[in-house]
Each structure stands twice: as structure tokens, then as C-alpha cells.
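*Asks:* need coordinates for the below:
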Amino acid sequence: MGDGTKESKESYEGREEYEMSILDRVSDRLIDGLAVFINLFKKDWRRRNQSKIQEWKLMAYALNRSPPALLGLVIVVAYIIFGIVGPYLASWPYDFFPVMYNSTSRLAAPGSNVFLNVTMVKNWHVIHYTTTVHYPIGSDLFGRDLLSVLLAGARTALVLDVFIIMIGPTFGIMLGLIAGYHGGAVDETIMRITDMFLAFPGLILAIALSAVLPGRIQNFLNYHAFAQTLVLKLFALQPRDVNNLGKLLAVFVALIIVWWPGYTRITRGSTLTERENLYVEAARAIGLPSRTIMFRHILPNIIGPILVMITMDFGNVILTEAGLSFLGLGAVPPIPDWGNLINQGAQYFPQAWWLVAFPGIVIVTVVLGWNLLGDGLRDILDPRTRRSMEFKVKKKRGAEGGESNA
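*Replies:* Next up, the predicted model:
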């Protein structure tokens, strides 16, 4: 009796489990909610994928124990939120130019209060009124509230970011899978085309395309009213800005064209290694089509490094687009754009330092957030480093049913 009690006590003391934090509980609820949502569209998915759901939870625990990754996640979530609702949070529309009504508002310093005499046409009525405008972080060259322009510019940055990453890498991943899986002449053809694009510096090629494409894109938009309306809605722009969309979309198309080759190369290399595994041979043996093997079996097993690359490229897209706008190849005023704001303020630096400082701080913060999150994902998706992060905080149950930290 005594020996049995002692053995039971030792085995009980040896058990270790996660010390659940508030973040762990929140992430568990979010993942369970996601599983329920997926189950609505795929019958019995939740029951058949319990191991996958548990793996997602373990990855969330690892993320919760990485302060830099959490900081990056917070910055990224804030960026996405401001990108969606930023234009509606702005105190003033991005196309409201107080300098047209009162020259004292031009280059107002942070914290300034400017008295305006305003005449506006609204609903076919001429409205005259006076108001005092407060500029928390100053104004731009046109007297616009810089904070409002930055909030509106978050939508421009987010839309470009999302669509460039959705289209460019997707195309590159597909080509990489096809080249790596089939090999031979297909591989040679795809990779030689990829090498041609990689032979040109990406930024130089983007500059050349951004200079050539605006006229053609603008002509396309002028003949397709639906495309005009869609683009204006996506970027939360006014109809009067339709003639300025060509330069904005030229950067969008240019970055898509230069962004896919890197993904083709990394996907092809991973596919070459993965296609020799036994599970691929088994899938071929039972007669599964190549498309199914590539996208349902190989891709999920090589997606880790690709996801890390995509996460970091969200920040790289913002930097590249801001650089093109700084060179005068992107959006033109009044379309709100962070890079263009720095371009405008460069000629007045350092006297009007806020024209460069605040847009620069926003860009650096967002890019830093994506990089921190990407670094965290790299550790989480690597099983060896993830296990050390998962078990960084554990607890051991005591003999009497109590708990003590390990």
C-alpha cells in the first residue's frame, strides 16, 4: 500500500504541463473559433483535424512567449486596422487644402492652432464659415493636417501591400512548384526566365516600369468606368482624383512584376528536395494527379520558409513603394502617400522637420513590426526552436495536488 502510494506520488510529480497565461487562453479561444468557422464550410473538419488544431495552439503558445514577435504582431494589427478605418478616423479629408483659404495654415508647426475663413460647395450650396484648425503634428505643404494625411495614407499603403503580396508571390510559388516537380525542359525554361528578371536590380526595373506604365494604365481606366470605381473604392479616394490613378497603379504593377522571381527560386529548391520523399512516391503510385501532389502534399510541407519570406516582404513592399514615391514615380498629391510626404518635406528640412520625421517614423515602425513578426514566425515554424519556446514556461504539479513553478 505504502509502495503504491509512493510510486503514484512520483509519477504525479513528474508530470509537466503548460502554465496557461491570459494570452494562451485568448489564443485558444481564437483558434477554437476559427475551427468552428472552417467547420461550417467543411463538414466534420474539426473532428478530423484535431491534431492540426492542437499544433496551431502550440504555435500560438510559442508566439505568446516571444516578446519581440508579440510587439511585431501588435504593430501589424494596428497598421491593418488603421489601413482599413484610417480615412474615416481622419479629422479632415485628405483633399481639403486650407492653404487655399488661409495662407497662415501653410507649414504650421506641431501643436498649432490656425484660424480659417472657409468657402466650400456642399450639396450644390455655397457655404461660408470660420473655424480653428488644430494640427497635433503639424501641416504639410498644402496646409493639410499631417495626421489626417498619414491616416489616409495608411489605406494606400495597405492596399498596395496586400495586393502586391497576394499576386506576385502566388505567381512565383506556382512557377517554383511546377519547375521543381516536373524538372527537365520545364524547369530549365522557367528558371532561365527567372534568371533574366533576377539579372536586373529589382529597384531599377521597378523605376523603369513605373516611368513607362502610367499613361497606358490611365488610358485603360479612362475606358473602363467599373475599373475606375473599383480602384477609387479600394484606396478610399474621391472621384476627382481619377486622373491621378495612373501613376499610383504603375507602381503597383511594377512591383508585382519584380516581386515574383525570388519566390520561384526558393520554392523550386524546396520542391526539388521534397519530391524525393516517400509520401510523394506513394501519392504517384496511387495515381494522384500532379496538381494534387504539388498543391495538397508538397506545398504544405515547404510553406514554412515561404511564409516567413512573405511576412518580411510586407515591410519590404512598403519601403520600396515609399522609395519610388520619394523619387516622384508613385502617387501624386492630393493622393495620400507616405513616401510622397517625405519627398515634399525634403526641400524644407530641417526647418520644417515634422514633414520628414513623422512619415519616416510611421514607415520605420510598420516595417519594424513586420520584421519582428517574421523573425518570430521563423522561430515558431522551426520545430527545434519552437519546442524550446513552448517549454520556456512550465509548471509541475505537487504531490498534494498543489502546483509549483519548474
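*Asks:* can you map out the strands along the stretch 1-150 of the chain?
*Replies:* Using DSSP state E, counting those that start in this stretch, the strands of the stretch 1-150 of the chain run over 16-18, 112-122, 125-135.
*Asks:* quick check, pLDDT for the most centrally placed residue in the chain.
*Replies:* Taking Cα atoms, centre = their mean, the centroid of the chain lies closest to Phe314, which sits 4.3 Å from it. pLDDT, Phe314: 93.
*Asks:* for the one 4 residues further on, same thing?
*Replies:* Predicted confidence (pLDDT) at Ile318: the value is 92.
*Asks:* was I right about it contacting Val159?
*Replies:* No. Look at Ile318 against Val159 with Cβ atoms under 8 Å: they stay out of range, at 11.7 Å. Quick note: C-beta positions are derived from backbone N, CA and C, even for glycine.
*Asks:* which of these two has more neighbours?
*Replies:* Taking neighbours as other Cβ atoms under 10 Å, Ile318 and Val159 compare with Ile318 leading, 24 against 18.
*Asks:* buried set for the one helix or strand Gln228 maps to?
*Replies:* Per DSSP states H and E, Gln228 falls inside helix 225-234. Residues of helix 225-234 classed as buried under the neighbour-count rule (16 or more other Cβ atoms under 10 Å) are Gln228, Val231, Leu232.
*Asks:* any idea which of those is closest to Lys43?
*Replies:* Comparing the buried residues of helix 225-234 against Lys43 with Cβ to Cβ places Val231 closest, at 38.3 Å.
*Asks:* re earlier: check which element follows the helix holding Gln228 along the chain.
*Replies:* Using DSSP H and E, the next helix or strand after helix 225-234 towards the C-terminus is helix 245-259.
*Asks:* for the record, mean pLDDT for stretch 131-151?
*Replies:* Average pLDDT, stretch 131-151: 87.
*Asks:* hmm, Ser91 is touching Ser148, no?
*Replies:* Yes. Judged on Cβ under 8 Å, Ser91 makes contact with Ser148 at a distance of 5.2 Å.
*Asks:* which one's more surrounded, these two?
*Replies:* Shown here are Ser91 and Ser148; by other Cβ under 10 Å, Ser148 has more neighbours (24 against 13).
*Asks:* measure that one to Leu107 for me?
*Replies:* 16 Å (Cβ to Cβ, to the nearest Å).
*Asks:* same thing with Val356?
*Replies:* Val356 is 13 Å from Leu107, by Cβ to Cβ.
*Asks:* check Asn340 too.
*Replies:* Distance, Asn340 to Leu107, using Cβ to Cβ: 16 Å.
*Asks:* and the two? Which one has more around it.
*Replies:* Between Asn340 and Leu107, counting by other Cβ under 10 Å, Asn340 is the more crowded of the two (27 against 19).
*Asks:* pLDDT score for that one?
*Replies:* At Asn340, the model reports a pLDDT of 90.
*Asks:* show the contacting residues for it.
*Replies:* Taking Cβ atoms under 8 Å, 6 or more residues apart in numbering, we find Asn340 in contact with Ser325, Phe326, Gly330, Ala331, Val332, Pro333.
*Asks:* around the last one, count how many other residues there are.
*Replies:* When you say that, I think you mean Pro333. Residues near Pro333, counting by other Cβ under 10 Å, number 20.
*Asks:* can you confirm it is in a helix?
*Replies:* No. If the criterion is DSSP: H, G, I helix; E, B strand; the rest coil, then Pro333 is coil and not within a helix.
*Asks:* isn't it right up against Phe142?
*Replies:* Yes. The criterion here is Cβ under 8 Å, and Pro333 meets it with Phe142 at 6.9 Å.
*Asks:* isn't Leu221 up against Asn244?
*Replies:* No. Using Cβ under 8 Å, Leu221 makes no contact with Asn244, being 10.5 Å away.
*Asks:* out of those two, which sits in the busier spot?
*Replies:* Between Leu221 and Asn244, counted using other Cβ under 10 Å, Leu221 has the larger neighbour count: 21 against 16.
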